[in-house]
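S.K.: build the 3D model from these lines:
(one chain, ligands or ions: 1)
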Amino acid sequence: MDASVHTSHPGQDHKVTPMMEQYIEIKTANPDCLLFYRMGDFYELFFEDAEQASRALGIMLTKRGKHQGEDIPMCGVPVERADDYLQRLIAKGFRVAVCEQIEDPAEAKKRGGKSVVKRDVVRLVTPGTLTEDALLDPRRSNRLIALSRVPTGEDTARIGIATVDISTGAFIVEETSPSNLATDIARLDPAEIVVPEAMLDDELLEAIIRGARVPIAPVARDITDGATAERRLTEAFGVTTSAGFGQLSRAELAAGATAVSYIVRTQRGARPPLSPPKQTGRDDVLHIDGATRASLELTRTLGGDRAGSLLHAIDRTVTPAGGRLLADRLASPLTRPGSITQRLDSVSLLVEDARLRRDLRALLKATPDLVRAAQRLAFRRGGPRDLACVRDALIAGRDVSTVLAGRDLPAELGAIRESLGAPDPKILAALGDALAETLPLRTSDGGFVRSGYDPDLDAARELRDESRKVIAQLQTRYADETGQRTLRVKHTNFLGFFVEVPAPTGEILRTPPWNATFVHRQTLQGAMRFSTVELSDLEQRIAAAGDRALAIESAIFERLSQIVIEAGDPLKDLSDALAALDVASALAELAADRSYVRPEVDLSLDFTIEGGRHPVVEQALNGAPFIANGCDLTPSASAENGRICMITGPNMGGKSTYLRQNALIAILAQIGSFVPASSARIGVVDRLFSRVGAADDLARGRSTFMVEMVETAAILNQAGERSLVILDEIGRGTSTFDGLSIASATVEHLHNSNGCRALFATHFHELTELSKRLPRLFNATMRVAEWKGDVVLLHEVVPGVADRSYGIQVAKLAGLPASVVERAKTVLAELESADRTGKRGKPVSDLPLFSIAAAAPPPSAPEPESDPSLDALDGIDPDDLTPRAALEALYRLKALRKSASREFPRDARASKKDR
Ligand SMILES: Nc1ncnc2c1ncn2[C@@H]1O[C@H](COP(=O)(O)OP(=O)(O)OP(=O)(O)O)[C@@H](O)[C@H]1O
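M.R.: Coordinates of the predicted model:
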């Protein structure tokens, strides 16, 4: 809502209630958030907030009182289910300010009957600052990025990016340029972008930032002043100088400070438990822009699903942190062969040693999300189960360490083994000793400390439980004394403990001598309730003992949390080590399961893949064979640069699959994974570009020719000799001649200027002629066979050029009506003959297509007669049949087939087909 509308209306005589006054004041201070205003057991939303939230959550919109003469729209969510509603609001891009009562209502009463309970916002919940398990996807990092811009005096500016995942404490800073910003944002895949308003005034930057389609939090101040930025950062980390963070650039400092300021604001001043900012080596990662990531469906499909993506196909991790690490690695493949080799060494060992892999994975499976639990404890939002997560992760670390002990390990696994031992064993001892078997969700529920751990706690619990027993005895005694077997001692929050009896008995208890003991409290329909002095005493003892037990448990919780918080760094190291081990063993499992091989990765410009497969398509074929294909873009002996492969072939022949599989193999190799091939040698790729023609891009609703050209331009401007470029049917979105010319000029540019390795699929067969002029270009085609007039797609890549497109045959396979297929064949034949006789240059109306159509539309070819045996075959579900039923079905089919052949002699049908 626009709170200002409701705050001051001079001359209005309508009174604003004190509560509304408080609400409006808080809302005005948080105009960009929905305000969850605590009222008892509900968070209530008012005015426009209520309207927005009720729409977004599908909950009822009601009214509560009036404000300035008008009904106040209101909706509410129960506090105990707030997480659920928050999650849905955050997923829709809202920010929520959670406003709690910060004093006891009794305190407010003391100030006077009409005083409003003090309330304040305790936290802003925003998409990029979540810590709760219920609000987070366990297998995805939840990153907030903050941007800064520092003018350099020249035309360009330096852009700082700070990336923070407060659910794990990770904090990274880097510097980039406006031209690389979009690619960097795509790599970081943030949940929220914090950006100084001034940057959004720049049209170009605004387009890039909004193009990311994630919630944006504009902040008023641009902290570009170095001293201020440094102060913000050092304050947040409680240090006196930023020297310990390394040599951060001005842009990095500014972005870091912006991130920290925003997080402090959302967490209401609490110093966020973050790791100190670390610089990334940007040159060490393979650059993949957003369009390429989308078209290669790396982490989600074009439709937005995880299933069907590369990540989904290769993910065999068994822990949430491992899942996140694999996704992060896939987002940032490496470019240094040394680091890639280290990862590959780990995978190799675990491929070879199946037993070790199995043992490790079994232990890892039981490992909880240590880093997020520890972070919640540090945010003071944790509970007993978070302590148990830390305990169980420490146990897993210890057990994994035992399994790895004494082995000869490659460097990465050796470092992992070191980190497993980082946390002090005393932490595990402390948690193990204290925690009970079953644990409540909240500390305030109590009962999470093992009995025997703390004598005071045991004494308080005993007193509490003993008193409960005494109450049970009291019931028996009262029943005996009064002779009323139906007498019960019960408890409600309002009355505390009381005696309940049926009404007639109640009447007796109200008379002497009983009324000296039993004090009448309530008459219900058919029952009466009484209190006694003994019950009240016991009640107090129980409450006091319970309170005392809870206080002791809370103190124990605090102490254990503190131990965990102080062990922050070693615990993070342990969590990282377990996650890295999970990824290594998961990739090894994948390699063993799907017969992947170890790629060779070096600094050459080679690209030689034998027997390559598409990692996602091959799994989707469900056991049907995937035809493996090699790819050789390695520079030939006479050239320095890699080669360009021009692929033609029928629709559905497998061109797109082939193009993408080679890009995916390069990515897999560079994240340090084995690859789906029989062998692969790859000179590291520093930039990967993939573009698909307009029609293939329809799913994203941006299939315009313009977008395709803008993206192609970006490739031609940026690709270098180390890049790998995948272009699928570029130029398809316009008229034939324009498209052909653009595609041809693009290939020439890639060949002559960019000097990159590239794969180019096209239906413009004319382009294959280019190989005569461009020495690094060679042609390949998808092999097809023809069988009885139908095309058979063999999905096999062979040298050479497709003789034609087979579009009509494929259309027939797709079920286009026979009449349309026949008509298309006729038109094609006419067009081809017009082409041969040189008529194609004539005006469109002269083309045979139009003259034929105008002259005489041919009669539709008759639909093929139905064959009863085929219809029956269609009706059979082999999975439903017993062997006997299958045999019977086979006899039935044979019989049907026999009678069908009598009705439709074979040569009669053949002649129909040929017509
Ligand atoms: N190597 C292969 N082995 C087995 N099946 C394959 C192979 N390549 C592709 N296919 C199958 O063929 C289908 C079509 O492949 P793809 O989309 O790559 O063809 P295309 O030549 O790019 O078609 P179009 O020109 O119509 O875009 C795939 O979805 C897959 O099911």
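S.K.: got phi/psi on residue 180?
M.R.: Phi and psi for residue 180, reported as degrees, to the nearest 10, are phi -100, psi 0.
S.K.: check residue 422 and give its pLDDT.
M.R.: pLDDT recorded at residue 422 is 82.
S.K.: show me where pLDDT drops low in the stretch 701-850 of the chain?
M.R.: Within the stretch 701-850 of the chain, the ranges that satisfy pLDDT under 70 run 701-704, 733-735, 789, 805, 835-850.
S.K.: residues of it that sit close to the ligand?
M.R.: The interface of the stretch 701-850 of the chain toward the ligand, taken as Cβ under 6 Å from any ligand atom, is made up of residue 795. All C-beta atoms are positioned from the backbone trio N, CA, C, and that covers glycine.
S.K.: what segments of the stretch 701-850 of the chain are helices?
M.R.: Secondary structure of the stretch 701-850 of the chain (DSSP state H, counting those that start in this stretch): helices at 705-718, 736-749, 807-813, 818-836, 848-855.
S.K.: could you do the stretch 351-500 of the chain as well?
M.R.: 354-365, 370-378, 384-404, 411-420, 425-434, 455-482.
S.K.: list the helices and strands the second one packs on?
M.R.: If I follow you right, that is helix 370-378. Here helix 370-378 touches helix 320-331, helix 384-404, helix 533-566, helix 568-594, going by 3 or more Cβ pairs under 8 Å, 6 or more residues apart in numbering; DSSP states H and E.
S.K.: distance between it and the chain's centre?
M.R.: 20 Å (Cα atoms, centre = their mean, to the nearest Å).
S.K.: ok, residues contacting that helix?
M.R.: With contacts defined as Cβ atoms under 8 Å, 6 or more residues apart in numbering, helix 370-378 is touched by 131-133, 136, 166-169, 273, 320-321, 382-383, 385-387, 389-390, 393, 561, 564-565, 568, 571-572, 574-576, 578.
S.K.: check the fourth one too.
M.R.: By Cβ under 8 Å, 6+ apart, the residues outside helix 411-420 that reach it are 342-343, 345-346, 349, 397-398, 400-401, 404-405, 409, 573-574, 576-578, 580-581, 584.
S.K.: repeat that for 7 Å
M.R.: 342-343, 345-346, 349, 397, 400-401, 404, 409, 573-574, 576-577, 580-581 (Cβ atoms under 7 Å, 6 or more residues apart in numbering).
S.K.: tally of neighbours for residue 149?
M.R.: 22 (other Cβ atoms under 10 Å).
S.K.: can you list the residues of this protein near the ligand?
M.R.: By Cβ under 6 Å from any ligand atom, the residues of the chain that approach the ligand are 617, 626-627, 629, 649, 651-657, 795.
S.K.: residues near residue 648, how many?
M.R.: 25.
S.K.: wait, isn't it in contact with residue 800?
M.R.: No: between residue 648 and residue 800 there is no contact under Cβ atoms under 7 Å: 8.8 Å.
S.K.: can you list residues touching both of these two?
M.R.: Joint contacts of residue 648 and residue 800 (Cβ under 7 Å, 6+ apart) are residue 781.
S.K.: ok, and the most crowded of the residues of the chain next to the ligand?
M.R.: Ranking these using other Cβ under 10 Å puts residue 649 first, with 29 neighbours.
S.K.: quick one on the thing from earlier: could the helices of the stretch 701-850 of the chain go into CSV alongside mean neighbour count?
M.R.: CSV is the format used below for the helices of the stretch 701-850 of the chain (neighbours: other Cβ atoms under 10 Å):
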stretch, mean neighbour count
helix 705-718, 17
helix 736-749, 17
helix 807-813, 18
helix 818-836, 15
helix 848-855, 14
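S.K.: same list (these) but as CSV, adding distance to residue 292.
M.R.: As requested, the helices of the stretch 701-850 of the chain are exported to CSV (distance: least, Cβ to Cβ, whole Å):
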stretch, distance to residue 292
helix 705-718, 9
helix 736-749, 16
helix 807-813, 27
helix 818-836, 35
helix 848-855, 38
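S.K.: any chance of the helices and strands packed on helix 370-378 in a markdown table, plus mean neighbour count and mean pLDDT?
M.R.: Shown next, in a markdown table, are those (neighbours: other Cβ atoms under 10 Å; pLDDT from 0 to 100):
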| stretch | mean neighbour count | mean pLDDT |
| --- | --- | --- |
| helix 320-331 | 23 | 95 |
| helix 384-404 | 21 | 94 |
| helix 533-566 | 17 | 89 |
| helix 568-594 | 23 | 95 |
